[in-house]
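A.B. asks: build the 3D model from these lines:
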Amino acid sequence: MGPLSPFSKATPLIPLRDINPTATSPIVTLGLIAASVIVFFAVQPQTEPESEEFAYENAAIACEVVTGDPLDSFEIEQEVCEDQPAGSAIFPDKNVYAAVLYSMFLHGSIAHLLGNMWFLWVFGNNIEEAFGRIGYVLFYLGTGLVATLGFVLNNQDSTVPLVGASGAIAGVMGAYLVLFPLHKVMTLVFFVVTAIPAVAFLGLWFFTQFALVGQESGIAWEAHVFGFLAGVLVALPLRVLLLRRTASVRLRPFEGAR
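C.D. replies: Have a look, this model is predicted:
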């Protein structure tokens, strides 16, 4: 499977927390984390070959998105993408477009799940506060969709299931860069904890994604890049409005900060 994960050997930085308290409870962020955890432990099979079969049946696959048809056995076994006869698909009832959304809540391993959810926990609450709960949901799903389509655009013949939330999480990180570039992120760097400005942490994270090009890392770096850029491009023209909204929220009666 092709996991989407913010962690890689190319990025030896682990964020512990940001110094940017909110005045609202991150209900949506917690809900997204809970949904991913529930899907992983209660819906996804944990053993082979069931887990692999589940991924092919439910996850986004670039070839399927391009052709509009689920894969057949020949495409899966030979890892090729081609036109296929009607009725030959292994999972003929699969909605290949709904799978793009579903993939954002699937993960390849516990480490994959924990890595994604930790990044979302560190950066998501401030973006939720800035966009508001409904706006945040739309932003999260929208940047996740752009991230997946970015991967598809660059891997149109891929027959590998794409799973993971970090395309959308990369969008959250891109928005964080625009809105809070100078806020500090407490970061573990080679066993040393140090406070790094968000612009340095997120900028380094973004550019190290290109170190994965050509590697057999199994990490869909294209989705990270497209998701991050989507987050930047959405937040940039709204920056003044979002910061004004954040300031007004923080002047209201305390709701419960993190």
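A.B. asks: quick check: what element follows the helix or strand of the chain with the lowest mean pLDDT along the chain?
C.D. replies: Within the chain, no helix or strand scores below strand 2-3, which has a mean of 48 by mean pLDDT, DSSP states H and E. Counting by DSSP states H and E, the element after strand 2-3 in chain order, helix or strand, is strand 13-18.
A.B. asks: mind listing what that next one pairs with, with the direction of each?
C.D. replies: Strands that pair with strand 13-18, judged by DSSP bridges, come out as strand 184-189 (antiparallel).
A.B. asks: list the buried ones in the partner strand?
C.D. replies: By neighbour count with 16 or more other Cβ atoms under 10 Å, strand 184-189 contains the buried residues 184-187. Where C-beta positions appear, they are placed from N, C-alpha and C, glycine not excepted.
A.B. asks: any chance of those in a markdown table, plus distance to Thr22 and pLDDT?
C.D. replies: Shown next, in a markdown table, are the buried residues of strand 184-189 (distance: Cβ to Cβ, whole Å; pLDDT from 0 to 100):
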| residue | distance to Thr22 | pLDDT |
| --- | --- | --- |
| Lys184 | 15 | 97 |
| Val185 | 15 | 96 |
| Met186 | 16 | 95 |
| Thr187 | 19 | 93 |
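A.B. asks: give the buried residues for the strand or helix carrying Ala130.
C.D. replies: Under the criterion of DSSP H and E, Ala130 resides in helix 110-131. For helix 110-131, burial by neighbour count (16+ other Cβ under 10 Å) applies to 112-113, 115-131.
A.B. asks: so where's the stretch 1-150 of the chain uncertain?
C.D. replies: 1-12, 84-87 (pLDDT under 70).
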